[in-house]
Each structure stands twice: as structure tokens, then as C-alpha cells.
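In: Just to be clear, the model below is a prediction. Sequence and coordinates:
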Amino acid sequence: MTGAATPNEPTSHDPAPLQAPLLKAALTHPQGVFGRVEVVASAGSTNTDLAAGASDSRQYYPDLSVLIADAQPAGKGRLGRTWEVPAGSAMISSVFLRPGGQARQAGRTPSAFATTGYGWLSVLAGIALCDSLRALTGIPAELKWPNDVVVNGRKLAGILAQVVPAAVAGPDLGLGVVVGVGVNVSLSAEQLPTERATSLLVEGVDILDRNLLLPAYLNKFASLYHEFVAVGGDAGRALESGPSVMELAENFMGTLGQQVRAELPGGAILLGTATALQGDGSLLVRDVAGTVHAVSAGDVIHLRRTDSDGRAHYA
């Protein structure tokens, strides 16, 4: 991996502590574009805490406000799943986004941001995470539809987006969204919750300093977000820097072209080949009979890559 460790760097048993002044300097003007940066020792759930803060009329949370936590005793995932993240072991951050506010600042009406664009914000975070990790550490991070980042078939990070009501985000600015990301950094194989999980430490990454990893991811996310708002939240339109969000997602997504097993509500199982993404972010799966099904993230309980006999290959 890139970046050889030096004697002054912390070992896996002594992770570098979060340094709030460094993080704030790296994420705010002139180095970054975040409007508010909070770094806390612990958050029950950064998504919940950030959404609650944005809901408090006595506080101001501008577009691109971020909450970073060292520990998270009650993290939230899809379908109400929870987990505990020990101090120093992970990259934990949630970002509050107000696309309508960005549109207005650019001289467009808030409604210029497409409704379908909101569903792509978590994918945008996944793209930014994969891109920044590949650039900084060299690991082959890839997206697993709908909301995970995996390395060598094992889950490295989870992503969760939740809507903040328009009345809270700003009655004239449309919806707000909180996008949370949790990345396993310095957990050993014994500390991981399942054999289907991994961490940067387990993958042999030398750079485990979250004061470097977090700005790399968050600033990339902010850059992509600004470009996405500029094209009205249309995942099929080319960004200023080049490909569209859909093309970027397809480039990073290991799910496409693979045989998958989708567990749906009511116990239904869909076996087939993941073929493409749609404009609303749903996944197209072609079953063995050749019928193509559109599967949305909200409909899927689990989606796993499978072997040819249908057995699950990874989480």
C-alpha cells in the first residue's frame, strides 16, 4: 500500500486521536468548503444528532455542515440496525445537505434540484469514499449496491441517508438530507463484528490517521456535491469534471455484472444478474428467465453477490 509507516506514526493499538483544530482547518475556507464543522468525543448516532441539531431553530446549520465523532455507541444502519463503534477505531461522520440552498445561491430556484437527486446523495458519498481511499491508500474499494463500500468482497463501510423535513431545512429551500458514513479503520480481525467485515488495518493499509482520511473523503464529497447540484441533481448529466454521477457509480460499483441474490419483504427471493442502474438509483436485475426487475434500495433487505448455485458470496 502507499505510504510507508514511520517510527513516529501510531501503531494499530494506538490510533491517532482526532484533532479538531486540524480537521476544522482542512474542511473550512480556504482549504475546504464546509460551513460548519463539529468534532465530538462521542455521538449516540451522528445522523440522529446532526438531524436533531438541524431541527433546532436556535442553531444554524448551513448546507455542508458536518459532525465528526470519535466513538458511536448507538450507530444506525438500514432497517433499524444498530452497532457500537469503539473510540479511535473508525471514521464516523455525517453531513447535512440542503441542495435547494445551493441552487438558490447559484441563481436557480430550489426546485431546480430533481426529486430523484436526493436518492443519489448516499451514492455520491460512496463514490467520494471509494475515490479518496483508492487515491490515499491504494486499496481497491468499490461500491456494493445500495449503500456499502467493500474491499476484496468484505464490508469496509456503511452509508445511511435520512431526510430532514423541509420545514426544518428551510420552508423555501426544499428538503434537507443527512448522509452518514462509518468506515472501519483500526479494528483488528478479532474485533470486527463478522467475518464478512474488514478494516483498513486488516487490509494492510499504512495510513490509519483519521485526520488525513476524513478530509480526503469529505472534501471529495463536497466537490462532487457542488457539481451534482450544478446539474440539477440529474444523475445522467455530465458533471463539470467529466462523467455523470451514474457513470461514476457504475465505474466504482462491483455489483454490476455479478450474479446476485436479493432478499425482499415477505420472504421473496430474486436471483439474477445485476445489469445496470436506473435514473432513480434503483438496480436492474435480470432473472434466469430473462425478465428484468427494478429493485429499489427501500425494497431490499439484503443484496448479496452469489456463486452460480445461488449461495451468498459476501455480505
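Out: Cool, the structure landed. Computed from a predicted structure; not experimentally measured.
In: The chain: strands as residue ranges?
Out: 36-42, 65-76, 82-85, 90-97, 142-144, 148-151, 154-164, 176-184, 259-263, 269-277, 283-287, 292-295, 302-305 (DSSP state E).
In: Those strands: lowest mean pLDDT?
Out: The minimum mean pLDDT among the strands of the chain belongs to strand 82-85 (a mean of 66).
In: ok so, going back, rebuild the strands of the chain as TSV, extending it with mean neighbour count.
Out: For glycine as for every other residue, the C-beta is placed from the backbone atoms N, C-alpha and C. Formatted as TSV, the strands of the chain follow (neighbours: other Cβ atoms under 10 Å):
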stretch	mean neighbour count
strand 36-42	17
strand 65-76	22
strand 82-85	15
strand 90-97	26
strand 142-144	23
strand 148-151	22
strand 154-164	21
strand 176-184	25
strand 259-263	20
strand 269-277	17
strand 283-287	18
strand 292-295	15
strand 302-305	19
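In: now the longest helix seen in the chain: mean pLDDT?
Out: Taking DSSP state H as the criterion, the chain has its longest helix at helix 210-230. The average pLDDT within helix 210-230 is 97.
In: and the direction of it versus that of strand 65-76, what angle?
Out: Here helix 210-230 points in a direction 110 degrees away from that of strand 65-76 (axes from the mean of the first three to the mean of the last three Cα atoms, to 10 degrees).
In: In CSV: the strands of the chain, plus distance to residue 251.
Out: Listed next are those as CSV, based on distance: least, Cβ to Cβ, whole Å:
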stretch, distance to residue 251
strand 36-42, 30
strand 65-76, 26
strand 82-85, 29
strand 90-97, 22
strand 142-144, 9
strand 148-151, 14
strand 154-164, 17
strand 176-184, 19
strand 259-263, 18
strand 269-277, 11
strand 283-287, 16
strand 292-295, 20
strand 302-305, 18
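In: closest one to residue 230 among those strands?
Out: Smallest distance to residue 230 across those (Cβ to Cβ): 14.0 Å, for strand 90-97.
In: Buried residues of the longest helix of the chain, list them for me.
Out: The neighbour-count check on helix 210-230 (16 or more other Cβ atoms under 10 Å) flags 210, 212-230 as buried.
In: Kindly state which of the strands of the chain is positioned closest to residue 199.
Out: Of those, nearest to residue 199 by Cβ to Cβ is strand 176-184, at 3.7 Å.
In: Note down every partner strand of the closest one and its orientation.
Out: Strand 176-184 has its sheet partners listed here by DSSP bridges as strand 90-97 (antiparallel), strand 154-164 (antiparallel).
In: now the helices for the stretch 1-150 of the chain?
Out: For the stretch 1-150 of the chain, the helices defined by DSSP state H, counting those that start in this stretch occupy 20-27, 46-55, 99-105, 121-137.
In: From the chain's centre, how far out is the longest helix of the chain? Work that out for me.
Out: Distance of helix 210-230 from the chain centroid (Cα atoms, centre = their mean, to the nearest Å) equals 11 Å.
In: could you say what helices and strands it packs with?
Out: Judged by 3 or more Cβ pairs under 8 Å, 6 or more residues apart in numbering; DSSP states H and E, the packing partners of helix 210-230 are helix 20-27, strand 90-97, helix 99-105, helix 121-137, strand 176-184, helix 245-252.
In: Run the chain-centre distance for the fifth one.
Out: The gap between the average C-alpha position of strand 176-184 and the chain average comes to 5 Å, counting by Cα atoms, centre = their mean.
In: Now do that strand and helix 46-55, the angle between them.
Out: Going by the same axes, to 10 degrees, strand 176-184 makes 150 degrees with helix 46-55.
In: mind saving the C-alpha coords of strand 176-184 as CSV?
Out: Extracted in CSV, the C-alpha atoms of strand 176-184 (Å, rounded to 0.1, in the frame of the first residue of the first chain):
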residue,chain,number,x,y,z
GLY,A,176,-32.6,18.6,3.8
VAL,A,177,-30.7,15.3,3.9
VAL,A,178,-28.2,13.9,6.4
VAL,A,179,-25.7,11.4,4.9
GLY,A,180,-23.7,9.4,7.4
VAL,A,181,-20.7,7.2,6.7
GLY,A,182,-18.9,4.8,9.1
VAL,A,183,-15.5,3.3,8.0
ASN,A,184,-13.7,0.6,9.9
